[in-house]
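In: Task: produce atomic coordinates for the following.
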Amino acid sequence: YASARLLLRDPRRALLVAASLLLIPAIGWEAICDRVHTTKLCALCLATLYVTLQVLHDGRRRWFLFLGVCLGLGMLCKYNYALFALALLLATFSLPAYRNRLLTRQLIWTIAAALPLVVPHLLWLTGHYAELLALIRVKGLVGESGPVIARLRGLGMIASNMVQVTGALLAILMICFPQVCRPRTWTGGEPRRWLDRFLLVSLLLLVGVVLLEGMAHIRLYWMLPLLTVVPLTLFLRIENAELGRRQWLGFGAIALASVLTVAVVRVHQARHHAPRDAVYLALAEQLRADGFTGGIVWAQAHQEGGNLRHFLPASRVLCLEYPLLTLPDAAERRPRLLLWDASYADGVSPFLRRWAKHRGIAIPHFDDNRVVVAHARPFPVGLGRVQHACPCTTPCQRLAGTQRPDTATLRQRGVAHRGHRSVRRHDNTL
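Out: Got it, this is the predicted structure:
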C-alpha cells in the first residue's frame, strides 16, 4: 500500500493494489496456514521496494540507511532474497535516471547499515558453502531424468508457477478493469518501466539458473516474492483511466468474498492436522513399548522431527537440515534415534548416509538392520536403530510380547524384519 500510495495519485487505487494481493492464492490462503518464512520474505521484499522508491525519489540519508537494513534482514530471512535484490539492482541500473540517483555518496550509508547484519552469517557461510549448495541442488532436483529433460522440466515449472501465482489475479483484473488489456492507454511513466524491467530481469535470472544448473524443480515459493509487484505494475498502467462505480464495487465484492471464503474454510480445516498427529502418536507409543522413552533424535527433516518431539517431550531433536543445531553429543550417553522418510528404495536416504559417514557413524545396509515402517497416511516414516546387544531378542520381545514373532506377523504389524546384526561404534548407541 505504501509503495502504491507513493506512485499513484488516488489513495483509493492504492487500496486496490493492496487488496489485489489477497487474490493471489499463495498469499491469500497459504500465508495464513503455511509458508511462514515465505510470508515474512514477501513482506521484506515489499519493504525493500518501498525504501528503494524513496531512495530514488527522495534521496535523503535515512532512506539509504533503511535500504541497508532491509538488505541485511532480507539475506538473514531466506537466501532467495538475493535473487530479488539482484533483479532490483539490475533493473535500477538499466534506467540512467535511476542509476544516477542511486550511485551517490549516500550509498556508503547503505553498505554501512547492511554489513553488520550480514557479515557474521557470511563468515559462517564460507565454511558451509558446499553443504548449502548441495542442499539447494537436492531441492531443485538438479539433473533429474537427464540434463535435457531436467532443464525442460525446470522451464515448464517456471511457467506453471507464474500461472498459479498471477493467473487468478490477471483474470479478475481483466474482467473488472478491461483497460488493463489496452496497451495504447497505458501510463505509469518511468516507475512502470522500472518495475517491468524488474520482472523481466527476474524471469531471466530464473531461466539462467535452470539452464546453468540443470534444475528440474523450481519451487513456487521461490518465485512468489518476485511476483508480489505484479498488482502495482498493472494498476500503474491504468493510473489515468476512468474507473466506473460498478468496477469499484465489483472488484471490492470479489476481494471481500475471497477473504470471507478463506476465513470460513480455514475454520473448517482447523483440525486438518489430526490424521498426521495420530500417525506420530502411534509411532511414539510404539517407540516407548520398544524401550525408547527419551534421548537424542537425529531427524533428516524438521517436519518428522518436530512432530515426533511433540509426543516425546523428554527427547532432544536435532535436524540435519540445519547444521548449526546439530551439536556434538558423542560424550552424552543417552539413547540415539535416527529418523527419516522411508520412501527411499533401500530404507535410508543418501543424504542421511553421507551425513552419518562424515561424522563417523556406521549405518548398516537396510537388509542388515531392523527398520520399523509405519505405513500410514499422509506419508510413511522409517526408523532405523543399531544397538550394542543383538536386537534379535529384547527389542523383538518388547515389540511382540514374550516371544519373538515370525516374519509374517511382523509384516502384518507394519514391521519390516530383514535380519539383525549388532554393531559396535565408539561405545555409542544409535
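In: Do you know the pLDDT at Tyr1?
Out: Looking at Tyr1, its pLDDT stands at 94.
In: ok, now which ones touch the closest residue to Thr233 other than its chain neighbours?
Out: In this structure, Thr233 finds its nearest non-sequential neighbour in Leu195, 4.5 Å apart by CB to CB, 6 or more residues apart in numbering. Every residue, glycine included, has its C-beta placed from N, CA and C. Residues near Leu195 by CB atoms under 8 Å, 6 or more residues apart in numbering: Ala91, Val229, Leu232, Thr233, Leu236.
In: Over to Trp109?
Out: Arg61, Phe64, Leu65, Gly68.
In: element containing it, please.
Out: According to DSSP states H and E, Trp109 maps onto helix 107-139.
In: helices or strands up against the next helix-or-strand element following that helix?
Out: Beyond helix 107-139 on the C-terminal side, the first helix or strand identified by DSSP H and E is helix 147-176. Secondary-structure packing of helix 147-176 (3 or more CB pairs under 8 Å, 6 or more residues apart in numbering; DSSP states H and E): helix 25-28, helix 189-213, helix 220-227, helix 230-237, helix 245-268.
In: Please identify which of these is closest to Ala289.
Out: helix 245-268 (35.6 Å; CB to CB).
In: Kindly give a single PyMOL line that selects the buried subset of the contacts of Trp109.
Out: Paste this into PyMOL to select the buried members of the contacts of Trp109, with burial taken from 16 or more other CB atoms under 10 Å:
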select buried, resi 64+65+68
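In: got the contacts of Trp109 as JSON lines, with secondary structure columns?
Out: Formatted as JSON lines, these follow (DSSP: H, G, I helix; E, B strand; the rest coil):
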{"residue": "Arg61", "secondary structure": "helix"}
{"residue": "Phe64", "secondary structure": "helix"}
{"residue": "Leu65", "secondary structure": "helix"}
{"residue": "Gly68", "secondary structure": "helix"}
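In: just to revisit the earlier point, for the helix holding Trp109, the averaged confidence score.
Out: 87.
In: coming back round to it: of all pairs in the contacts of Leu195, which one spans the longest distance?
Out: Ala91 and Leu236 (14.4 Å).
In: hmm, back to that, compute the inter-axis angle for the helix holding Trp109 and helix 220-227.
Out: 150 degrees (axes from the mean of the first three to the mean of the last three CA atoms, to 10 degrees).
In: Can you convert the contacts of Trp109 into TSV and add a column each for pLDDT and distance to Ile296?
Out: Converted to TSV, those look like this (pLDDT from 0 to 100; distance: CB to CB, whole Å):
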residue	pLDDT	distance to Ile296
Arg61	93	51
Phe64	96	47
Leu65	95	44
Gly68	96	41
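In: would you list the contacts of Trp109 in a markdown table and tack on distance to Gly250?
Out: Output for the contacts of Trp109, formatted as a markdown table (distance: CB to CB, whole Å):
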| residue | distance to Gly250 |
| --- | --- |
| Arg61 | 44 |
| Phe64 | 42 |
| Leu65 | 42 |
| Gly68 | 42 |
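In: What is the nearest of the contacts of Trp109 to Thr52?
Out: Using CB to CB, the contacts of Trp109 come closest to Thr52 at Phe64, 10.2 Å.
In: what sits against that closest one?
Out: By CB under 8 Å, 6+ apart, the neighbours of Phe64 are Val55, Gln106, Leu107, Trp109, Thr110, Ala113.
In: any weak-confidence spans in the stretch 251-400 of the chain?
Out: In the predicted model of the stretch 251-400 of the chain, residues 321-333, 341-351, 359-400 satisfy pLDDT under 70.
In: show me where it has helices.
Out: Assigned by DSSP state H, counting those that start in this stretch, the helices in the stretch 251-400 of the chain fall at 274-289, 302-311, 350-358, 394-400.
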